[in-house]
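S.K.: With the input below, show me the fold.
(one chain, ligands or ions: 1)
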Amino acid sequence: MSQGRFRPVALRQVDAGDARDAGDVHHPDSLAISASLLHHTVTDLCNVLPEEGVGLWSGHGRDVRTWTFLPNAAQDRLVRYAVQPQDWIAVLRAVSSRGEIPLALVHSHPTTPAVPSDYDQSHWHYPDLWCVIFSFAGETPQCNAYKFGK
Ligand SMILES: [Zn+2]
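M.R.: Model prediction:
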């Protein structure tokens, strides 16, 4: 499977106490997220299995502070995700009102690995965001993060 224009980047799990300096300049190419936020994300995505789930991580710098689960508007939610424009606008407004920036579009692969599909790559509408994929294909959820571009 080609990973095309997506390249893998790192996710670092941090304790709540470390969050303040987690996204420092020494780790410009990784996102930092707390265990509890990671757990919240996995739980929401797990709840919509066997369908794909989608949502947004937002925060400050490279620190993920908020997870927003979004309705999957795709017709075939078993293998696709889509976000309605009005939902996208609403979440961006909410992110902005908290003084945060959008960091990563998160979606799940219920039965396939945590790598961008060909469809993911050809339908990526968020060049400024990281692409984070949770796979539920194995015994335990796997998570990978990718950055779009070279
Ligand atoms: Zn996908």
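
S.K.: contacts, neighbours, all on C-alpha from now
M.R.: OK.

S.K.: Who is the most centrally placed residue in the chain paired with across the strands?
M.R.: Centroid-nearest residue in the chain, with C-alpha atoms, centre = their mean: residue 106, separated by 2.2 Å. On the basis of DSSP bridges, residue 106 takes part in beta bridges with residue 55, residue 132.

S.K.: okay, and for this protein, where does confidence drop off?
M.R.: 1-4, 15-28, 149-150 (pLDDT under 70).

S.K.: how far away is the residue nearest to the centre of the chain from residue 144?
M.R.: 10 Å (C-alpha to C-alpha, to the nearest Å).

S.K.: residue boundaries of the helices in the chain?
M.R.: 35-47, 85-97, 118-122 (DSSP state H).

S.K.: Please identify the deepest-packed of the ones you listed.
M.R.: helix 35-47 (a mean of 16; mean count of other C-alpha atoms under 10 Å).

S.K.: That one packs against which elements?
M.R.: Counting contacts by 3 or more C-alpha pairs under 8 Å, 6 or more residues apart in numbering; DSSP states H and E, helix 35-47 is packed against strand 63-70.

S.K.: helices and strands around the strand it packs on, which ones?
M.R.: So strand 63-70, by 3+ C-alpha pairs under 8 Å, 6+ apart, packs with strand 30-34, helix 35-47, strand 54-60.

S.K.: what angle do that strand and helix 35-47 make?
M.R.: Here strand 63-70 runs at an angle of 20 degrees relative to helix 35-47 (axes from the mean of the first three to the mean of the last three C-alpha atoms, to 10 degrees).

S.K.: on that earlier part again, intersection of neighbour lists for residue 106 and residue 144?
M.R.: 132, 133, 134 (C-alpha atoms under 8 Å, 6 or more residues apart in numbering).

S.K.: any idea which of those residues is closest to residue 97?
M.R.: Nearest to residue 97 out of these is residue 132 (C-alpha to C-alpha; 23.3 Å).

S.K.: From residue 9, how far out is that closest one?
M.R.: When residue 132 is compared with residue 9 (using C-alpha to C-alpha), they lie 10 Å apart.
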